[in-house]
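1. Okay, predicted coordinates and the sequence, questions at the end:
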Amino acid sequence: MFDKIKTWAKRLKRQIFILYFACKDERVPWHAKVFTACVVAYAFSPIDIIPDFIPILGYLDDVILVPIGIMIALKMIPKSVITDCEVKAEEMMKNGKPKNWIVGSLIVMIWVLIIIWAIIYIYGLMNSLSLIDNAHEYSLIRRISNHMV
């Protein structure tokens, strides 16, 4: 079982390298280049959209989204380009993958913005609840003072 997973992961890595070289090839249509570049950038990114420490969901993108993206990208690229890129991919696998720090930084910025938005939203919600409580107290005090007079 472990050997199957290891083989699958190695094949996936090889396909990512093939896509990496294919998106640089002039024979690939522009729409395929854009999609392929997004898949490769995400696969090489040191940071995931869904962090791996989130149970189950953290690995969902690695196990489902990346392979689906690879499969779609490979179907968009001409066979002759894939054949040419396979040789380059084998060479690169020996040297190691490039890191895409631009995409990684973008994903970090998205997470920071989401966290900032959540803090502002929760703060605003707490403030509005506080105002409602204050308004309710004020109306109770007015009723009590009106009854006392």
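-> All right, it came through fine.
2. helices and strands around the helix or strand harbouring Ala37, which ones?
-> Applying DSSP states H and E as the criterion places Ala37 in helix 30-44. Judged by 3 or more C-beta pairs under 8 Å, 6 or more residues apart in numbering; DSSP states H and E, helix 30-44 is in contact with helix 2-22, helix 66-76, helix 101-148. Bear in mind the C-beta positions are built from the backbone N, C-alpha and C, glycine included.
3. Tell me which of those helices sits nearest to His31.
-> helix 66-76 (7.4 Å; C-beta to C-beta).
4. Using CSV, write out the CA atom coordinates for the closest one.
-> Extracted in CSV, the C-alpha atoms of helix 66-76 (Å, rounded to 0.1, in the frame of the first residue of the first chain):
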residue,chain,number,x,y,z
VAL,A,66,-3.6,19.3,-7.6
PRO,A,67,-4.1,16.0,-9.4
ILE,A,68,-7.3,17.3,-11.1
GLY,A,69,-5.5,20.4,-12.2
ILE,A,70,-2.6,18.4,-13.5
MET,A,71,-5.0,16.1,-15.4
ILE,A,72,-6.8,19.0,-17.0
ALA,A,73,-3.6,20.8,-17.9
LEU,A,74,-2.1,17.7,-19.5
LYS,A,75,-5.2,17.4,-21.7
MET,A,76,-4.8,21.0,-22.9
